[in-house]
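# Next come a sequence and a model predicted from it.
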Amino acid sequence: MKTYRFGPFLLDPAQGILSAGPHEIPLGGKAFDTLVFLVENAGHVVSKAELIDRVWPDSHVGENNLAQHISLVRKTLAACDPKTEYVQTMARRGYRFAAAVETIDNVETATLHEPPQTRYARSGTVNIAYQVIGHGSIDDPIDLVFVMGWVSHLEMFWAEPSFARFLKKLSGFARLIVFDKRGTGLSDRVPLSQLPSLEARMDDVRAVMAAAGSRRAVLMGVSEGGPLTALFAATYPQLVKGVIMIGAYARRLWAPDYPWGPTAEQREAFIEALERDWGGPLGIEERAPSRANDPDFRRWWALPAHGR
């Protein structure tokens with residue numbers, strides 16, 4: 001599915017995202033579908049019947065309902081660009097999207113998300129790579145520290161359009177701070193004999209926050225980043241506004257009161273798979289099943305392994 005650019009807007013039907021510059025514009029549901037159909041037929045008159053058949057294919061919807069969604073589309077676009085009339089009403093005929101629309105292919109879409117500048121924070125003797133994206137809301141500024149799991153690569157984040165859009169979406173309401181943990185991505189390597197403890201990783205988070213000028217932040221942890229953010233919040237409550245966990249866990253192995261955890265045998269099998277298949281799209285079927293058969297996404301999934 002194509003991505004479309006018109007005026008200051010970028011419309012991505014596949015991801016369900018309408019954006020203007022770095023900011024995502026809230027427009028969902030049938031109003032978003034209405035805009036997509038109008039943009040796809042830009043310059044042509046679309047009848048009310050065609051719009052209703054496309055947006056509500058299995059429902060009986062009246063013209064008043066359609067008019068309400070058209071009004072919402074107009075108000076949403078006018079909030080960012082009030083001087084341009086994007087949707088014209090054609091008397092007794094329907095509607096026409098009047099603005100010039102540029103179609104963007106997948107390659108160009110990827111270049112819309114160039115990596116921000118990578119900086120380095122000093123944590124003890126180790127250099128921690130980090131990036132700061134966006135400025136957040138002016139009325140209610142929030143710093144959001146994104147703590148990845150056990151492997152990441154800051155520059156590779158931006159090579160996959162869907163992940164780049166995810167980061168841009170976060171930066172639309174918060175000043176987003178992302179970093180590579182020590183030993184991963186663009187941060188310094190560490191000897192196998194000195195693998196970091198949670199306490200050392202907490203020092204890295206504090207160093208990144210200090211370097212980014214963040215006095216207090218919401219921490220969002222993915223996978224093993226979840227327990228790290230919980231420990232950080234309990235240890236340094238004065239630095240933490242809140243904690244968000246994605247795919248995290250309370251413990252790593254099975255126990256009678258934690259039956260969904262993997263057994264020791266299952267963990268050992270996973271470690272053996274790491275040694276055998278490192279450098280490929282390891283674990284993609286379990287962690288990203290909807291994209292597991294996408295060749296480009298499989299290549300991107302494997303890239304951070306080569307960046308360690």
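Noted; the coordinates are in hand.

# And residue 36, how close does it get to residue 174?
With the distance defined as Cβ to Cβ, to the nearest Å, residue 36 ends up 28 Å from residue 174. C-beta: built from backbone N, CA, C; applies to glycine.

# If you count surrounding residues, which of these two has more?
Applying other Cβ atoms under 10 Å to residue 36 and residue 174 shows that residue 174 carries more neighbours, namely 22 against 19.

# and the nearest residue to the more buried one once chain neighbours are set aside, what element?
Excluding its sequence neighbours, the residue lying closest to residue 174 (Cβ to Cβ, 6 or more residues apart in numbering) is residue 144, at 3.8 Å. Per DSSP states H and E, residue 144 falls inside strand 143-147.

# which strands and helices sit next to that strand?
Packing partners of strand 143-147 (3 or more Cβ pairs under 8 Å, 6 or more residues apart in numbering; DSSP states H and E): helix 161-171, strand 175-179, helix 198-211, strand 217-222, helix 225-235.

# quick one, strands of the stretch 51-200 of the chain?
Along the stretch 51-200 of the chain, the segments classed as strands by DSSP state E, counting those that start in this stretch run 87-90, 94-97, 102-104, 119-123, 126-133, 143-147, 175-179.

# just the angle between the last one and strand 143-147, please?
Going back to what we said before, that points to strand 175-179. Going by axes from the mean of the first three to the mean of the last three Cα atoms, to 10 degrees, strand 175-179 is angled at 20 degrees with respect to strand 143-147.

# Could I get the buried residue list for strand 175-179?
Across strand 175-179, burial judged by 16 or more other Cβ atoms under 10 Å covers 175-179.

# For that strand, output the C-alpha coordinates as CSV.
Extracted C-alpha coordinates of strand 175-179, given in CSV (Å, rounded to 0.1, in the frame of the first residue of the first chain):
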residue,chain,number,x,y,z
ARG,A,175,10.8,14.2,24.6
LEU,A,176,12.0,10.7,23.8
ILE,A,177,15.4,9.4,25.0
VAL,A,178,16.7,6.1,23.6
PHE,A,179,20.0,4.4,24.2
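
# That one - contacts with which helices or strands?
So strand 175-179, by 3+ Cβ pairs under 8 Å, 6+ apart, packs with strand 126-133, strand 143-147, helix 154-157, helix 161-171, helix 198-211.

# gap between that strand and the chain center?
Remark: strand 175-179 is offset 12 Å from the chain centroid, using Cα atoms, centre = their mean, to the nearest Å.

# returning to that earlier point: out of the helices and strands packed on strand 143-147, deepest packed?
Comparing those by mean neighbour count (mean count of other Cβ atoms under 10 Å), strand 175-179 ranks first with a mean of 25.

# and for the helix of greatest length in the chain, what are the contacting residues?
In the chain, with assignment by DSSP state H, the single longest helix is helix 63-80. With Cβ atoms under 8 Å, 6 or more residues apart in numbering as the test, helix 63-80 has contacts from 7-9, 18, 20, 25-27, 30-31, 34-35, 38, 48, 51-52, 55-56, 84, 86-87, 89, 95.
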